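J.: can you look at this prediction? I've put the sequence above it.
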Amino acid sequence: VTLFSDLMDINELFTIPLFDSIPPEKREVFLSGLDYTVSFLEKGELVARSGDLCKHLYLLMKGKVKTEMVDGSGAVLRIETIYAHRPLAPAFLFAENNRFPVTVTVLEDAEIVLISRDSVLTALLQYESFLKKFLLLNAECMKCLTDKLHLLACKTIRSRLIFYLLDQAKNGTSSFVMKETQQELADYFGVTRPALAKVLYELMEEGLIRQEKRQIFITDKQTLRREIM
């Protein structure tokens, strides 16, 4: 077991929503019950391949990774770009077929904490708040998968982009900061970057959105919603 305190501020673990419900006075005992190691990976390295056994809870503490899947024709489909601080594939940790459904590759130098499945199970049984957060996390992962299926159901680049924009501007907001580059977003949609840029420009020309650097402002949500209904 690698000592967490030797590598980073121990409190960083509790910045992840999955762990933030653990009371400060119980955190030292909580950590002492975890069997974990810390892995440092550089850009381009593989975290896991599709089909690898998922025997640990993977926590992305620093950096950025991408998840990809190969379809029946051999085409690579970008599923998601994941930023710290996030778990990776938590829903598959206790699955009967506990294998990674995607290949995970480092986009920016990453620091990943790997916690053994047995010690995660012990913590789930001992801490009710941790159990609730774990169940909530898995529900959110299923929502992400559902959103991806909805996105793939959109037949045109325009409808995919509109779906993405509306999904990002949630909870009554009309603006958001785009984390992905145009190339990353094009990969996520399964299209070329020039094709995506053309549609983005068309939406701005039509007055439906406005862009200032990485900030996107949606100026006509109703029209956008009607296009994908």
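T.: Received the coordinates, thanks. Residues are numbered from 1 along each chain as shown.
J.: list the buried ones in stretch 181-188?
T.: Buried residues in stretch 181-188, counted by 16 or more other C-beta atoms under 10 Å: 184-188. To be clear about C-beta, it is placed using only N, CA and C from the backbone, and glycine gets the same treatment.
J.: end-to-end on stretch 64-83?
T.: 5 Å (C-alpha to C-alpha, to the nearest Å).
J.: okay, the buried residues of stretch 181-188 in TSV with secondary structure and distance to Thr81 next?
T.: Listed next are the buried residues of stretch 181-188 as TSV, based on DSSP: H, G, I helix; E, B strand; the rest coil; distance: C-beta to C-beta, whole Å:
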residue	secondary structure	distance to Thr81
Glu184	helix	6
Leu185	helix	9
Ala186	helix	12
Asp187	helix	9
Tyr188	helix	7
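J.: and Gln222, how far is that from Ile228?
T.: Relative to Ile228, Gln222 is positioned 12 Å away (C-beta to C-beta, to the nearest Å).
J.: between those two, who's got more neighbours?
T.: Between Gln222 and Ile228, counted using other C-beta atoms under 10 Å, Ile228 has the larger neighbour count: 16 against 7.
J.: tell me, what's the model's pLDDT at that one?
T.: Confidence at Ile228, expressed as pLDDT, is 81.
J.: so it touches Cys154, yeah?
T.: Yes: Ile228 sits in contact with Cys154 when judged by C-beta atoms under 8 Å, with a separation of 6.7 Å.
J.: could you pull out the residues contacting both of these two?
T.: Common contacts of Ile228 and Cys154 (C-beta atoms under 8 Å, 6 or more residues apart in numbering): 162-163.
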